[in-house]
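K.L.:
sequence-free structure coming up:
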C-alpha cells in the first residue's frame, strides 16, 4: 500500500526551512515549524511572517511554529530537517525520543559534518537508525521557493518506493521533484558547491572576469565529481540538479551567502569582518561554505581525492593565506589533460 502523508514537521526556521514549510503547506500538509528563537515563533504564529530570514514574504496562515523540537516532531507523518549542517546531530538527538517510529526524514541540510567527516545521511543513521532517510537538494534560493516561483529539485532515497511517495506528497506546481536513489552523490553536490561558490565570489571580488569564474565552475564541477565517485556516488548525479544545477545557481548570483562572502574577501575584507558587516546581511545566517571548506578538504584528503580549488579556499579561510598568492599558486599548477 502506498504511504500517505498528512502532517509534517520542519526542523529549522531559517530561510530554507521556512520556504519548505510554505511549500508543504501548499501541498496540503498540516505543517509545524520548529524555530530556535522565541521571537521567530511569535512572528510566524501571530503575523504569519519570518522577518529575520524571509522579510516581506507572507506565510501560509496554517503553518504553526513551535519552540520545542519534541513537540514539533511528535506524531508527524513526515519529518524535514533544514538546520545548518553542523547542527543536524544535536537537533536529531533532541528529537530522538519523540520521533514517530519509521517516520521518514527528508534532510535538506547541505554539508559534511566537520568533526566526523560524515554525510548528513550517515549522521542520521547513527542517531536515529529506525527512521529512513531521504535527501532533498538542488538549485534553490529560499525566497523564490517561498514565493512559489518555479524550481526543480532532486529527492534521493535508497528505498525507491518511499522516495516516490515522498515526492508525490511534497511536489506542487512550481516545485518539481525528480527522484534518485543516489543518496551519496546528491549530498556531495550540495556540500562542494558551497566551497566553489566561495571561490567564484573571491574571483568576482578581485575583478578577475567572467572567464575566470566559468573556468572555476567547470573545474570545481570536476572536483565535485571526483569526490562524489570516491564516496560511492555516480557522476551522472553530479551532472544533474544537485551538482551542476546547484553550482550554476550559487556561483552566479550574490543571493548566495557563499558567493557574497567570497566577493567581500576577494575585495579585501577579512572573513570575520565580512561576516559581521551589517550591509552584507550575513550576521543572522550560516555561510555553509566556511565550515564546508574544512570538512570537504578533510574528506578529500581521507579519500585521496585531489581538489585544488577547494583546498585553496580552505587555505584562504582557515590558514590566513594571502588571496593573491593563493590564486597565483592555483594558476601555476602543472598543465594536465582535461
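P.N.:
Good, I have the coordinates. These figures come from a predicted structure and were not determined experimentally.

K.L.:
ramachandran coordinates for residue 106?
P.N.:
For residue 106, the backbone dihedrals (degrees, to the nearest 10) come out as phi -100, psi 110.

K.L.:
residue 209 too?
P.N.:
Dihedral angles (degrees, to the nearest 10) for residue 209: phi 100, psi 170.

K.L.:
hang on, residue 269 in a strand?
P.N.:
No - judged by DSSP: H, G, I helix; E, B strand; the rest coil, residue 269 forms no part of a strand; its state is coil.

K.L.:
contacts only, for it.
P.N.:
Counting by C-beta atoms under 8 Å, 6 or more residues apart in numbering, residue 269 touches residue 277. Just so you know, the C-beta spots here come from the backbone N, C-alpha and C atoms, and that holds for glycine as well.

K.L.:
same question for residue 144.
P.N.:
Shown in contact with residue 144 (C-beta under 8 Å, 6+ apart): residue 151.

K.L.:
quick one: it from residue 55, how far?
P.N.:
With the distance defined as C-beta to C-beta, to the nearest Å, residue 144 ends up 14 Å from residue 55.

K.L.:
and what of residue 116?
P.N.:
35 Å.

K.L.:
what does residue 70 give?
P.N.:
With C-beta to C-beta as the criterion, residue 70 and residue 55 are 30 Å apart.

K.L.:
show me where this structure has strands.
P.N.:
Here the chain has its strands, by DSSP state E, at 7-11, 30-34, 64-66, 78-81, 105-107, 133-137, 151-157, 175-180.

K.L.:
what helices or strands is the second one leaning on?
P.N.:
The one in question is strand 30-34. The elements that strand 30-34 packs onto, with contact taken as 3 or more C-beta pairs under 8 Å, 6 or more residues apart in numbering; DSSP states H and E, are strand 7-11, helix 15-26, strand 64-66, helix 69-73.

K.L.:
closest to residue 306 out of the ones you listed?
P.N.:
Closest to residue 306 of those, according to C-beta to C-beta: helix 15-26, at 31.0 Å.

K.L.:
got the contact list for that closest one?
P.N.:
Contacts of helix 15-26 with the rest of the structure, by C-beta under 8 Å, 6+ apart, involve 8, 10-11, 13, 31, 33, 44, 50, 53-54, 57, 59-60, 62-63, 78, 80, 82-83, 108, 136, 140, 142-143, 145-146, 148, 170, 172, 175, 285.
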